[in-house]
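K.L.:
Need coordinates for the below:
(3 chains, ligands or ions: 2)
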Amino acid sequence: MVSKRLGWTLHTLLSHYRHHPLQTLFLLTGLITGVALWVAVQVINTHARSSYQQATQLLGAQASHWIRPAGDGGIELEQYIELRRAGFRQLFPVLEQQLTTSDRQPLNLIATDLLALPMDSVGAFNVTANWSELMQPPFQAWYPQSLAETLDLQPGEQLALASGIRLPAAVIQTQAQQGQRVFMDIGAAMTVLGRTRFSYLAVGGLTPVEQAALSSILPAQLQLVANQQSLDLSELTQSLHSNLTAMSLLSFAVGLFIVFNAVRFSLNARSTTLATLQELGVSVRLLSVAIAVETMILSIIGAAAGVTLGYLLGMQLLPAVANSMQNLYGAVIDHHLLLQPLTILKAWGITLAGLLFALGWPLWQRSQRALASQRSISDDWLQDGKARRMLALGALVLLALALLLYPNMDSVAEGFALLALLLFAAAWLLPVLLAAALAALQSLIPERAWRWRWALNDGWTQLPVLRTALMALLLALTANFGVDTLVGSFRSALENWLDQRIAADIYVNSEKLKVDSVLQSPLIIDHHQRNGVDLRWGLRPAQIYGLDTRAPDSLQLPLAMHNNALAAWYRNEAGVVLANEQVHHMTGIDPGDKITLTTAAGPRKFTVAGFFYDYGNPFYRFYLPYDIVATLWPDAGNRGLALWLERSAQAGGADISSSTSTAIEQKLLQAGAQPGEWVYRDDILQVSIEIFDRTFAITAAMGTLTLMVAGIALLASLLAIHQRRLPEYAHWRAIGVRRREWLLIILLPLAVCVLLTWLLSLPLGTLLAWLLIHDLNVLSFGWTMPMLVQPWPAVRLALLTAVVVATTLIITLLQVRYRLPATLKQLGGDG
Amino acid sequence: MRWLPLLLLLVAGAATADDVYDVLRRGDSGYAEVVPGKTLVFPADHLAHPTYRIEWWYLTANLTDERGQNWGLHWTLFRQALHADGKTEGWTSNQVWMAHAALTTPAGHRYEERFARGGIGQAGVALEEGRFSAWLDDWQLQGDSAEILPGSLHFSVDGTTVQLELDMQTPWVLQGDRGYSRKSAQGQASYYYSQPHIRVRGFIIEPAGEEITVSGDGWLDREWSSQPLADNQPGWDWFSLHLQDGSALMVYRLRHENKRDGERPNEGQHNHWLSGTWITADGHSRALSADEIELTALEYHRVERANDSALELPLRWSLALPAMGDGYRWTIEAMDPHHWLATAFPYWEGPVVAEGSNPGIGYLELTGYQ
Amino acid sequence: MLQLTDLYKSFHQPDGDIKVLDGVNFTLDEGRSAALLGESGSGKSTLLHLIAGLDRPDSGSIQLQQREMTQLTDSEWNEVRRSELSLVFQQYHLVPTLSVANNLQLQARLCQRLDEEFRDYLVERLGITRLLRRLPHQLSGGQQQRVAIARALLHRPGLVLADEPTGNLDEGSSDAVMQLLVDLVSQAGSSLLMVTHSPAMAAHLDAQWQLHNGQLTLIEEQ
Ligand SMILES: Nc1ncnc2c1ncn2[C@@H]1O[C@H](COP(=O)(O)OP(=O)(O)O)[C@@H](O)[C@H]1O
Ligand SMILES: [Mg+2]
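P.N.:
Residues are numbered from 1 along each chain as shown, chains lettered A, B, ... in the order given. Ligands and ions are numbered 1, 2, ... in the order given. This is a model prediction of the structure:
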C-alpha cells in the first residue's frame, strides 16, 4: 500500500524531468562532468600508483635489484656473460637512454634482450610482431600508440635523431612497463646507437642465499642495489597526485554548482507539484522518502555515466600524465587503465553526497513549506538579498578558518584545504560584491540615461539566477589564472635558471672520451669536468656532484641563500658542501648546519655553505669540489664534460660559427666520442623547455576542462533565466522595446557581472599562485621561485570567458528569438 | 603459457607456425646443404656448423643410484640460424640457442628449457682453452680436450644439480651412410653420428643438499642439417637401447602423414621411414634398413600435457629385427608415461625398459604428436 | 482611426483547426471608445493581439490611421506599438526592478514623448503620488494596475487596447479603476478598445460589440 503510494508519488515527482528535458539535461550534465573529471583523475592516480608498485618490474620481468656500475660508463658485455655463466640467470641487461629527435623532442629509449628475460616473466610480453625481426637487422623500434602520435610517426618510418642516427623502422606496439618510451632489442640498440655497454643489469627474484652469492662474486666496479623505485616513486609523486586530486575536486565542485543551479530552477516548477501532492494527502514522511529515492536514482545515473565518461577521459589524459611522471620522476606508467570497484563506489559516494547537498536538501526544505505560496521573480531577487548576506557571512567564517589554518600549515593536504577555504570564501563573497558593484554603478549613472539604469536594474533579476554560475565561473577562472601564473612563473624561472646553469657551449658525456686530447684543441677556451655518485640521504635518493669550482658556471652558481663558508667551498676545502634548495625546504636545514653523507670510508659531516636553485629536481643534490668527491668516493663516475668554445669575431661573439662546431665535433670524434654523445647548449635548453611544457600539459588540460564545466553552468543559468523571463520579454516587446534595447538590458548586467568576476579572479588567482608557489610548492617539491604575474594568461582567460559567454548568449538568443513569437501570442492570457 | 607461441615464432622465424616442427621442414635456400659423401672429421665436426639451419648435441643416460633406484636424464643443446646471412658473431648474430634438460628421479620428472641469442657468448659450442665446450648460461658439456669425450656434464633443473663424468668406451658411430643419414625418399637428410657406449658416473645433488651417487650408460647424438624432415613427416619415434650383452640398438621411424580416416595418428607402418643401427659391444655398427625392422605400437597411454590437456601416446612397442635372428625381439615400455615436455618444441622423452631374451634399458623420444 | 475588414484567423489545435475570427469587420473612430464582449474563448484576446501586431491575421485588413498594417514587418509593428498603441493587460506586467515612477514613464520615454505635466496629473488622478518611489511588488494589485494604466496613457497613444484590465481585482476596486481608465483615456485624447465581462462597464463606453462564433456584431452604440 505504502509502496504503491510511494511509487505514485515518485512518478509524479519524477515527471518533472520528462517535462523539462533541458533542466534534466543540465542537472545531469553538471553531475556527470563533475563526476567524470574526478573519476578520470582518480583512475589515473590509482593506475599510476599501481604502476609504481610494479616498479620492481621491468618490461614485465621481476627486477628486485639492479647491478649498477659504481661509477658510470655502464656494464661491459663480458661482465654480464660472466655472471650468466656463473648461473645468475635472474640477470638481464638493460639499456636506457635519453635521445633527442632531429626536431629537438626528448625521447626515452629502453632496450633489453628478450631471450635473456627470466622465463616466467616472458608471459607479460605482448607480441603480435615477429620477434626475430626485432632482433635481426634491420631491426625494429616499438613505440606505444600515444608516443607515435606525439612524434607524428607512422609505422615503418625511421625516426631521425639529432645525432643524425636513424632508429629502425617503427612498429606500434606496447609492452608492460614500457611507458612512454621506445622499446628496442638491446643488441639492435647497441648496434644502432654505437654503444658498447649496458646501462645496468636488472635482477629478478633473488633469494637471500643467491643475493649473498651474487654479491660475493660481483666485481668491485659493480654494485648490487635493491630496487627501491616503488617506494621512492610513491614518495616523490605524492604531491603531484594530490595536485591532480585537488583539481578534480574543484571540477566536481564546479559541477555541483551546475546541479545546484538546475535544482533551483526546478524548485519553482516543482513546488506546485509538492503542494498538490501534500494537498492530496501525501505525508511529509512519504515525500521525504520519495525525494530520497529520487536523489538515489539520480546519483546512480550520474555516477554510472560519470564513471564511464571519466574512464574515457582518463584514457585521453593518461598519456599527458604518463609524460609528466616519466619526465619528472622517471616513473613508467602503462597504458592499460584499470577501473577499480572502489573508485566506482567512491564516485557514487561523492555523487550522492553532492546531490544530497545540491538537490535533496533544497527539495526537502521546499517540501516542508510546500503549501506556502508560489514565488515570483521579484520574490526571488528579494530573497536573493538575504541569501547574499548569508553567503557573505559564510565566506567570512571560511576566511577566518583559512587565517587560522595558514600559520599552522605543514602538509600538502592542509595546503589544499587552505586553498579550498579561500576559493569558496571568495566564491561566496562574489554575490555581495556583484550586488554592491551593481548598486554603485547605478548610482553613478544619471537619471537621463534611463535605459542604462534600467539595464543595470535588470541585474537584480538576473543575479539570483546567475549567482551560482558566476561563483562556478569565479572558481574556474581563479584556478586557471592561479595555475597559469604558477606554470608561467615556473617556466620563466626555469628558463632563467637554465640560462645560467647551462652556460657552457657543448656538453659531452662519453664512455671512451680521451679528455686530455680534446682539451688540447685551441677552440676550447674553458672546460668543466664533473664527477659524481648516487646515494641515499634520508629517505630519498640523493646525487653527489663534484664540480670544478673555478669553472665559469661554478662561479655563477645561482644560489638561493648562503653564508660565508661559501668562500671555503670555492677554495676547494673539504667539509663544505652546497645543497639544493630542496634540502633546505624539505628538511629544514639552514646554511651553516652540518649534514652527514655516507662516503666510501663511512659517514662524514659537512657544513652546508648554501643552497642553490635546482628547479624540478625531485632528488636531493649536493655539490662538492671535484677532488673532494674523487677522494671520498673513489668510484665516483664521470658526470660529463662541459666545454666553452672560441667565438669568432664575425659571428658577433654570440653564436658558435659552423666551422667551429664542425672542428670541435671532428676533435671529439678523434678523441673517441661517438656521434650523439655530445649536445649543444641550445639543444639542451630547447629540450628542457619542451620537457617542461609536456610535463605541464596535464595541468593545462585540467584547467580548460574546469573552465568548460563553468561554461556549461553559465549556459544553463542563462537558458533558465531567459526561459523563465520569456513572458516578461514578450511584454517588453508589446510596449515597443526594440531588439537593441532588449539586448542592452539583458547584456549589460551580464557583462558587468562576468567582467567583475573575471576582474576578481585576477587578484584571487594571483593570491592562489602566491600560495601555491610560496607554500604549497615548497611543501610538495621543496623549491621556490619568483612569482611572475603575466598579463597574457589573464587576457587569454578573458577571451575564453568572452567566447563562453558569447556562445551561451548566442544559444539563448536563438532560443528566445525562436520562442518569443509564441509567447507574444499568449500575452495577457490567463495563465 | 602465453610465451609459448611467441618463442616459437622466434625460434621458427616464421610469422605463423601452427606446427613448431616446421623449422625442421623448411627448405629455404642459402643454408648449407647436406650432401652424401662428406667425410666427418673429429674433433672439428664436434663444434657448431652455423651455416646449417639446425644442429644439436643430445645426451641421454640411464642411471642407477646406490640403492638400485632408476634415474634418467637428457640434456640437449640446440642451435638454430635465423638467416643464412653469415653473421654469427656480435649483436647482429643470426644464431639462436635453446637448451633442454630433464631429469627422471625415483619421484618423478623435472625439466627446464633455456634460450639465448648467439654471438655474445651467453651460449655456444666452441673450444675454450683447448677444451670442447657446449654451454648455455651455466649448463655445460665440457670435454677434457678438444674431443667431447671423455668429459663432464653440469646442469641444474629446479634446484637439483647434476655433475657427471662421461667416458667413452668405443669409437664414434657414423649413422646412415658414413654419417649421411637420409630422412625421406625426397632427399631430406642430416649429418648424424653417435656415441652409444658412454660410461657415466657422478652426483646428483637434491635441492635439500642430499648428494646421490649415480652411474650408468649414456648415449650422445650429434646431428645437423638444413632440412631434416619432409613436408609429410609430422615427427619421429626414436629408440636407443643399451642391451644386457653390451650391444646397443638405435631405431627410429619418421612418420608419414596418415591419410586414412578413423585411424589413430601415425598408426600402421607401411609408409613410415624406418632406419636403425645395431652396434656391438666393441663398437662395430651395422646399419639396419627399413625392411629389417619391425616396429609396432602396442599400447597408447593418456599423457597429461601442461595446459590441462591430454594426449594419447604410444608408450608400449614391439620391436623385432627378424633378419638378425630369433633373439632379436623386444617389448619396449616406458618406465613412467608422465614424461611430456611442454617446451617450445613439445615432445615426449623418457627412459624405457626393453624385455626380451637380451633385455635392456634405453630412451624413447616421440615428437610431432599434436 | 481603426478599421478592420474581413479579418480571418484560425488556430491549429490537436483536435482540429478552430476558426476564431471568421470575417470580422469593425470600425473605431478617433477619440471613441468601444467595449468588446464575448464568452471566454470566443477570440477577444486574439482580436486585440491582431490589432496590436502581436499576431498576424490569416486574411483581411487592419487599417490604423488609414494605414494598412497587415504588411508591416515585426520591427515596424514594434515602432507602432511603441508610439501609437498602448496595451493594458489583466496581468499588470510592471518591470519588477524599476520603481513605480520609472515604470509609469517607461513607454513615454521609449517614444520620447514624456509630458511631465500630464504625468503629474495622471499620478494625482490615479492616486499613486505617494507610491512613486516604491517597487511594484510593494503595491497592491489595484495600485499596480493603476501604474500600468498611467504607463499606457502617458505618451497619449492614438489607441488603447485593454484586455480585461481589472479581471484580477475585486469588484470594488475594479469599478473604480475601470472608471478612471475610461476617463483618462478620453482626457489623453486616445481611442479605446476594451475587452470586458462587465455589461455595466461596457455601458460606460461609446459602443458595445459582441464577438460570437467568429463574428463581431455591434449591439449598442451611443
Ligand atoms: N496561440 C494560440 N494557438 C492556438 N490556439 C489559440 C492560440 N491563442 C488562442 N487560441 C485559441 O483561440 C480561441 C480564442 O482564444 P482567446 O482569443 O484567448 O479567447 P478570449 O480572449 O475571448 O477568451 C481559444 O479557443 C484558444 O484556445
Ligand atoms: Mg482573453
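K.L.:
distance of the closest residue to A:L250 other than its chain neighbours from chain C?
P.N.:
Leaving aside its chain neighbours, A:L250 sits nearest to A:A479 (5.6 Å; criterion: C-beta to C-beta, 6 or more residues apart in numbering or on different chains). C-beta coordinates here come from the backbone N, C-alpha and C atoms, glycine included. Going from A:A479 to chain C by C-beta to the nearest C-beta, to the nearest Å gives 33 Å.
K.L.:
which residues of the stretch 151-300 of chain A score low on pLDDT?
P.N.:
Applying pLDDT under 70 to the stretch 151-300 of chain A picks out residues A:229-240, A:243, A:247, A:257-258, A:261-269, A:271-272.
K.L.:
Now do the helices in it.
P.N.:
With DSSP state H, counting those that start in this stretch as the definition, the stretch 151-300 of chain A shows helices at residue ranges A:186-193, A:208-217, A:229-279, A:284-329.
K.L.:
do chain C as well
P.N.:
C:44-51, C:74-83, C:100-110, C:116-126, C:141-153, C:171-188, C:199-203 (DSSP state H).
K.L.:
hmm, the second one in reach of chain A?
P.N.:
The one in question is helix C:74-83. Yes: counting by C-beta under 8 Å from any C-beta of the partner chain, chain A has neighbours in helix C:74-83: C:75, C:78-83.
K.L.:
what mean pLDDT would you report for that helix?
P.N.:
Taken as a whole, helix C:74-83 has an average pLDDT of 90.
K.L.:
and the closest residue to chain B within chain C, how many neighbours?
P.N.:
Closest to chain B within chain C is C:P14: 65.1 Å, counting by C-beta to the nearest C-beta. By other C-beta atoms under 10 Å in any protein chain shown, the residues close to C:P14 number 4.
K.L.:
quick one: it from A:L286, how far?
P.N.:
From C:P14 across to A:L286, the span is 35 Å (C-beta to C-beta, to the nearest Å).
K.L.:
now do A:A188
P.N.:
For A:A188, the distance to A:L286 - C-beta to C-beta - is 73 Å.
K.L.:
just checking, A:L355 touches A:E294?
P.N.:
No: with contact defined as C-beta atoms under 8 Å, A:L355 does not reach A:E294; the gap is 9.1 Å.
K.L.:
which one of the two has more residues nearby?
P.N.:
A:L355 (26 against 20).
K.L.:
who's in contact with that one?
P.N.:
A:31, A:259, A:295, A:298-299, A:302 (C-beta atoms under 8 Å, 6 or more residues apart in numbering or on different chains).
K.L.:
again with A:D113
P.N.:
If a contact means C-beta under 8 Å, 6+ apart, then A:D113 has A:92-93, A:185-187, B:117 as its contacts.
K.L.:
Helix or strand: which one has the residue nearest to the spatial centre of chain B?
P.N.:
Nearest to the geometric centre of chain B sits B:Y58, at 4.9 Å (C-alpha atoms, centre = their mean). Under the criterion of DSSP states H and E, B:Y58 resides in strand B:54-65.
K.L.:
Distance to C:L161 and neighbour count for the contacts of A:L355 - can I get that in CSV?
P.N.:
Below are the contacts of A:L355 laid out as CSV (distance: C-beta to C-beta, whole Å; neighbours: other C-beta atoms under 10 Å in any protein chain shown):
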residue, distance to C:L161, neighbour count
A:L31, 47, 28
A:V259, 44, 28
A:T295, 49, 20
A:L298, 47, 22
A:S299, 52, 25
A:G302, 50, 29
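K.L.:
helices or strands up against the strand holding B:Y58?
P.N.:
Judged by 3 or more C-beta pairs under 8 Å, 6 or more residues apart in numbering or on different chains; DSSP states H and E, strand B:54-65 is in contact with strand B:70-81, strand B:189-205, strand B:211-227, strand B:360-367.
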